[in-house]
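Participant: Give me a 3D structure for the following:
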Amino acid sequence: MGATDARPDRVARVVFVDAFPPPEGFAVNDELPAAGGVVPFPEDRAAYFAEVEFQDFADDQLADFIARAIPVPERVATDPIVLSDEARWEVPITIVATAFPVEQLEQLVAADHPMTAEMRAVREMSVIELPTSHWPQLTKPDELARILVGEAAGE
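Facilitator: As a prediction, the model looks like this:
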């Protein structure tokens with residue numbers, strides 16, 4: 001959303017995969033432990049992720065994913081997002097709901113949850129449900145690819 005905010009005239013559509021458009025001041029993963037300026041995949045994943053976020057992974061596939069996970073720079077996870085250009089709300093967004101059901105998203109919006117502020121402000125939003133893990137590019141790659149290609153084509 002930060003990139004869209006910076007250049008809304010250059011973005012045709014934003015697709016969030018198992019994520020919401022973050023509100024002003026939100027930090028993506030500031031609760032994850034950092035070490036040496038980076039945030040590695042947490043050893044105690046159950047402390048930071050719900051089990052549903054790992055659905056559809058085979059045991060060996062999950063172990064391989066965790067072993068290959070690349071740490072992100074600490075500030076990517078901890079710095080709050082800065083949003084200032086309301087023109088971002090004119091850019092259509094699509095949310096691909098994977099580890100959370102559409103009904104849960106609808107309940108959060110209806111309750112005016114702070115995490116849904118951007119969703120309530122955007123002019124055009126669609127939600128596509130793809131029940132699987134938080135990482136559908138690994139657990140349902142063909143289905144996710146079809147969705148992304150369709151969204152890029154404006155379907």
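Participant: so is Ala3 in a helix, a strand, or just coil?
Facilitator: The three-state label for Ala3, taken from DSSP: H, G, I helix; E, B strand; the rest coil, comes out as helix.
Participant: count of residues packed around it?
Facilitator: Per other Cβ atoms under 10 Å, the neighbour tally for Ala3 reads 11. From N, CA and C alone the C-beta is placed, and that goes for glycine too.
Participant: List the contacts of the spatially closest residue to it that is not a sequence neighbour.
Facilitator: Nearest in space to Ala3, with sequence neighbours left out and distances taken as Cβ to Cβ, 6 or more residues apart in numbering, is Val11 at 7.1 Å. Taking Cβ atoms under 8 Å, 6 or more residues apart in numbering, we find Val11 in contact with 3-4, 91.
Participant: so how far is Tyr48 from Val11?
Facilitator: Taking Cβ to Cβ, to the nearest Å as the measure, Val11 falls 30 Å from Tyr48.
Participant: Over to Ile95?
Facilitator: Relative to Tyr48, Ile95 is positioned 22 Å away (criterion: Cβ to Cβ).
Participant: In terms of packing, which of the two has more residues around it?
Facilitator: In this comparison of Ile95 against Tyr48, neighbours counted by other Cβ under 10 Å, the higher total goes to Ile95 at 22 against 14.
Participant: Tell me what the more buried one is bridged to.
Facilitator: The residues paired with Ile95 through beta bridges, assigned by DSSP bridges, are Phe16, Val127.
Participant: Do I have it right that it meets Phe20?
Facilitator: Yes: judged on Cβ atoms under 8 Å, Ile95 makes contact with Phe20 at a distance of 6.8 Å.
Participant: between those two, what contacts are shared?
Facilitator: 105, 119.
Participant: give the contact list for the residue nearest to the spatial centre of the chain.
Facilitator: Nearest to the mean C-alpha position of the chain, counting by Cα atoms, centre = their mean, stands Ala19 at 2.5 Å. Contact partners of Ala19, counting by Cβ under 8 Å, 6+ apart, are Ile95.
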